[in-house]
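A.B. asks: okay, predicted coordinates and the sequence, questions at the end:
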Amino acid sequence: MRIKYGILYIVKPYERGIVELLGRYRKYIGPGLHFQLPFLEMTRIRDVREHTMDIHPQEVITKDNVEIRVDGLIWVRPGYEEDCIKRTFYNIDNWKIAVMQLAQTNLRQEFGHLTLDDSLVARERINHNLQMALDKTTDEWGLKVTKVEIKLIDPPIDIKTAMHKQKTAEQERRAMKLLATGRFEAAEQDKLASIQIAEGKREAEIKIAEGKAKAIELVNQAAEKYFKGNAQELKKLEVTESCLAENSKVVLTDKGISPHIILGDIPVKAKSD
């Protein structure tokens with residue numbers, strides 16, 4: 001606050017004031033050049049810019065009886081309107097001290113409603129609640145609390161040590177879970193690869209067997225066409241021998257061995273008399 005005693009004075013753009021005549025309120029003044037009666041009038045000037053106020057570190061007790069150390073910042077300014085400026089002069093003697101004491105009281109009350117865990121993760125909510133509570137109370141003083149920011153929430157050393165151990169254990173648990181998940185996925189991939197390899201091998205064997213069956217069929221047809229008598233039987237035996245040498249399957253009939261490749265087991269019927 002500034003007091004003007006001269007006849008002429010200037011009010012700056014970020015200032016507002018009131019003029020008193022013989023100790024009684026006379027009028028409200030804004031920025032510009034002003035005149036007052038010497039010895040009879042007095043002008044009080046108020047800076048209406050936002051003031052940054054530091055909430056000094058203090059001990060507060062949470063809902064679960066943990067003592068923590070907190071501090072913060074408050075942004076507050078007098079109102080621009082005539083009624084607000086009057087209240088800053090007539091409703092409170094030192095508004096900065098009053099706001100600071102009010103902030104400290106509300107800070108203890110706010111943390112008293114929260115557990116330690118809630119206090120550590122609810123800064124935005126604490127800031128909002130404090131700003132609303134302070135702004136409501138300081139309105140009768142002609143003030144506007146625009147923002148509150150908690151800077152530090154400092155638990156005791158033993159609590160911080162326990163929290164650090166808990167955090168370390170949680171990180172180790174997550175790392176082990178990720179490692180186990182990776183091993184499981186790798187095993188699943190190995191399993192799928194083995195199945196695919198086995199299926200590929202089986203399909204390849206089927207293709208080979210089908211090719212051999214076709215080749216034998218062609219040989220048999222040629223033997224029937226171009227070989228006669230014993231030569232035909234000899235050719236069939238040669239083909240059969242070749243099949244047996246490669247672990248192929250043949251059909252047993254009442255007339256002997258028929259050299260036809262098959263891909264699965266075929267039950268043999270007993271010959272009836």
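C.D. replies: Arrived safely. None of the values given here were measured: they were computed from a predicted structure. Numbering: from 1, shown residues only.
A.B. asks: okay, CA-based contacts and neighbour counts for the rest of this
C.D. replies: OK.
A.B. asks: pLDDT value on the residue nearest to the spatial centre of the chain, please?
C.D. replies: The chain has Val121 as the residue nearest its centroid, 13.7 Å off, counting by CA atoms, centre = their mean. Note for Val121: predicted pLDDT of 84.
A.B. asks: ends of stretch 30-38, what's the gap?
C.D. replies: 20 Å (CA to CA, to the nearest Å).
A.B. asks: ok, and what's touching it?
C.D. replies: Outside stretch 30-38, the residues that touch it by CA atoms under 8 Å, 6 or more residues apart in numbering are 5-17, 42-43.
A.B. asks: any chance of a PyMOL selection covering the buried ones in the residues you listed?
C.D. replies: A single PyMOL command selects the buried members of these (16 or more other CA atoms under 10 Å):
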select buried, resi 5+11+15+16+17+42+43
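A.B. asks: which of the contacts of stretch 30-38 lies closest to His128?
C.D. replies: For the contacts of stretch 30-38, the residue nearest His128 by CA to CA is Tyr14; the value is 27.0 Å.
A.B. asks: thought that closest one was touching Arg77?
C.D. replies: No: with contact defined as CA atoms under 8 Å, Tyr14 does not count as touching Arg77 (11.0 Å).
A.B. asks: what residues do the two have in common as contacts?
C.D. replies: 48-49.
A.B. asks: tell me where the stretch 51-200 of the chain has strands.
C.D. replies: 51-61, 67-78, 143-154 (DSSP state E, counting those that start in this stretch).
A.B. asks: those: which one's closest to Gly112?
C.D. replies: strand 51-61 (5.9 Å).
A.B. asks: which parts of the closest one are buried?
C.D. replies: Per 16+ other CA under 10 Å, strand 51-61 contains these buried residues: 53, 55, 60-61.
A.B. asks: stretch 147-162 too?
C.D. replies: Result for stretch 147-162 [16+ other CA under 10 Å]: buried residues 147-150, 153-155.
A.B. asks: now distance to Glu185 too, for those, in JSON lines please.
C.D. replies: Below are the buried residues of stretch 147-162 laid out as JSON lines (distance: CA to CA, whole Å):
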{"residue": "Lys147", "distance to Glu185": "51"}
{"residue": "Val148", "distance to Glu185": "50"}
{"residue": "Glu149", "distance to Glu185": "47"}
{"residue": "Ile150", "distance to Glu185": "46"}
{"residue": "Ile153", "distance to Glu185": "43"}
{"residue": "Asp154", "distance to Glu185": "43"}
{"residue": "Pro155", "distance to Glu185": "42"}
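A.B. asks: pLDDT check: weakest of these?
C.D. replies: Pro155 (82).
A.B. asks: now Thr43: how far from Arg125?
C.D. replies: For Thr43, the distance to Arg125 - CA to CA - is 41 Å.
A.B. asks: was I right to think Leu107 contacts His128?
C.D. replies: No: the pair Leu107 and His128 does not pass the contact test of CA under 8 Å, sitting 11.7 Å apart.
A.B. asks: who has more neighbours, the two?
C.D. replies: Applying other CA atoms under 10 Å to Leu107 and His128 shows that Leu107 carries more neighbours, namely 23 against 13.
A.B. asks: separation between the more buried one and Asn129?
C.D. replies: For Leu107, the distance to Asn129 - CA to CA - is 10 Å.
A.B. asks: same thing with Thr62?
C.D. replies: Counting by CA to CA, the gap from Thr62 to Asn129 is 16 Å.
A.B. asks: fine, thanks again, bye for now.
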